[in-house]
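1. Could you look at this predicted model? Sequence included:
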Amino acid sequence: MTSTQNQGIEVYQNLGKLFYAVAMADGRVHIKELDRLKEIVTEKWLAVDDIEDRYHTDAAYQIETVFDWLLEYEKDSEECFEEFTDFYQSHSALFPDPVKNLIKETAHAIANSLAGMNKSELVLLVKIDLLLGGNSNS
């Protein structure tokens, strides 16, 4: 695999952590949040680039794979957000504005997949907006 492929896969893996952090912000992941994530991966993330993993599967599916793994092992929302933040700050050049906007859109869609967002999710969405810069386009 090339360096670009490895970086692309790492981006998607870290997005899985971020989206898990949003879904787990209230202490549990609801099936509607997981379903919404899978819809957005299929509808939007698969079209972002042509990067594939070592199994020749679109690397965007790493978002779901990492999310599922974190869910299985009941990882902490704040810890996952911090891991994404560290990765983002070290690799911000891998996140052009269209990708940052799609990140915000996806995070907001997950948070709104139930009957609207709760305080924990709202706080995390504000942190995401501040990290990525600017106001959300969602």
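-> Structure received.
2. which strands and helices sit next to the helix or strand where residue 127 lies?
-> Here residue 127 sits within helix 119-132, counting by DSSP states H and E. With contacts defined as 3 or more C-beta pairs under 8 Å, 6 or more residues apart in numbering; DSSP states H and E, helix 119-132 has these neighbours: helix 3-23, helix 77-90, helix 97-111. (Glycine included, C-beta is placed from N, CA and C.)
3. run the last query once more with 6 Å
-> The criterion is 3 or more C-beta pairs under 6 Å, 6 or more residues apart in numbering; DSSP states H and E, and the helices and strands that helix 119-132 contacts are helix 97-111.
4. Which strands and helices lie in contact with the helix it packs on?
-> helix 3-23, helix 31-43, helix 119-132.
5. Select, out of those, the one closest to residue 69.
-> helix 3-23 (8.0 Å; C-beta to C-beta).
6. and the angle from that closest one to helix 119-132?
-> For helix 3-23 against helix 119-132, the angle by axes from the mean of the first three to the mean of the last three C-alpha atoms, to 10 degrees is 150 degrees.
7. any low-confidence regions in this structure?
-> 134-138 (pLDDT under 70).
8. count of neighbours near residue 72?
-> By other C-beta atoms under 10 Å, 8 other residues sit near residue 72.
9. Is the closest residue to residue 35 other than its chain neighbours within a helix or a strand, and which one?
-> Excluding the flanking residues, the one nearest residue 35 by C-beta to C-beta, 6 or more residues apart in numbering is residue 113, at 7.4 Å. Per DSSP H and E, residue 113 falls between elements, in no helix or strand.
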